[in-house]
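Enquirer: here is a sequence with its predicted model. Questions after.
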Amino acid sequence: MAQITQLGRVMVPVNDQDAAIDWYTTKLGFSLAADVPFGEGDRWVEVAPPNGGAAIALVPPRGDYQPGRMTGIALEASAPRADHAELQENGVDVDAELMGGDGTVPLLFMLRDGDGNNLMIVQAQ
């Protein structure tokens, strides 16, 4: 059996790594966790939430792995209603309405990053 201990990072394709760094750090408050040369002329870039957890690797598009996709990433937040309003005020592409919050499904909403990648913000349990 593999000795996996945690989820370290997920990869999200972006058209411009510098623009993506700016979006994730200024819009979501993430920090730049890595920005190093990688391969032949590429960069390995990671951003991470301020309180830890898995990082998001902002990677160049390759083949069918293009920006503008459903990422499957669910980011936890203690106050999604307030976050929704703040992100909307700051020009982030968020769903018009929040979903859930009825006791069976936690309060959540979807947003799109600068490349149209879909992420979810969900009430922390």
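Expert: Thanks, I have it.
Enquirer: next SSE after the helix or strand containing residue 25?
Expert: According to DSSP states H and E, residue 25 maps onto helix 17-27. Moving toward the C-terminus from helix 17-27, the next helix or strand (DSSP H and E) is strand 31-38.
Enquirer: pLDDT (mean, whole number) over that next one?
Expert: For strand 31-38, mean pLDDT is 96.
Enquirer: other SSEs contacting that strand?
Expert: Counting contacts by 3 or more C-beta pairs under 8 Å, 6 or more residues apart in numbering; DSSP states H and E, strand 31-38 is packed against helix 17-27, strand 42-48. Backbone N, C-alpha and C define where each C-beta goes, glycine included.
Enquirer: tell me which residues are up against it.
Expert: By C-beta atoms under 8 Å, 6 or more residues apart in numbering, the residues outside strand 31-38 that reach it are 21, 25, 43, 44, 45, 46, 47, 48, 50, 55.
Enquirer: drop anything exposed from those residues.
Expert: Among the contacts of strand 31-38, those classed as buried by 16 or more other C-beta atoms under 10 Å are 21, 43, 45, 46, 47, 48, 55.
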